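*Asks:* give me a model of this one.
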Amino acid sequence: MVADEHPDLVICDETMETYGAFGLARDLTATKDRPKILILLERAQDDWLAKWSGADRWLVRPVDPFAVATAARELMSMKPKEAHA
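*Replies:* Residues are numbered from 1 along each chain as shown. Presented below is the predicted three-dimensional model:
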């Protein structure tokens with residue numbers, strides 16, 4: 001879907017089926033004009049995996065929907081180099 005739609009932002013859950021959020025983020029970071037990536041983590045200890053995957057932001061569940069909206073808004077307002085640094 002990401003390849004067909006070219007979204008500006010991808011929000012994915014760490015436990016998403018088959019591929020996994022970390023694998024998806026890792027692949028997306030290698031693409032030209034990659035989207036910004038927000039991962040919802042199952043555990044705080046998995047933050048190193050989010051960093052490794054190239055995600056721009058991550059939040060630990062349970063997640064307040066307003067925190068997701070705020071993080072998404074902040075990511076969308078950043079220039080590409082700021083978000084992916």
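*Asks:* any regions of this protein where pLDDT drops low?
*Replies:* For the chain, the stretches with pLDDT under 70 are 80-85.
*Asks:* the helices in it, which residues?
*Replies:* For the chain, helices defined by DSSP state H occupy the ranges 2-5, 21-29, 47-53, 65-77, 80-83.
*Asks:* could you give me the buried positions within the third one?
*Replies:* To tie it back to what came earlier, the one meant is helix 47-53. By 16 or more other Cβ atoms under 10 Å, the buried positions in helix 47-53 come out as 49-50, 53. To be clear about C-beta, it is placed using only N, CA and C from the backbone, and glycine gets the same treatment.
*Asks:* tell me the bridge partners for the residue lying closest to residue 71 once chain neighbours are set aside.
*Replies:* With Cβ to Cβ, 6 or more residues apart in numbering as the criterion, residue 71 has its nearest non-adjacent residue at 5.1 Å, and that residue is residue 57. Beta bridges link residue 57 to residue 38 when assigned by DSSP bridges.
*Asks:* hang on, the earlier thing: for the helices of the chain, which one ends up most surrounded?
*Replies:* helix 21-29 (a mean of 18; mean count of other Cβ atoms under 10 Å).
*Asks:* contacting residues for residue 50?
*Replies:* Neighbour list for residue 50: 22, 25, 39, 41, 58 [criterion: Cβ atoms under 8 Å, 6 or more residues apart in numbering].
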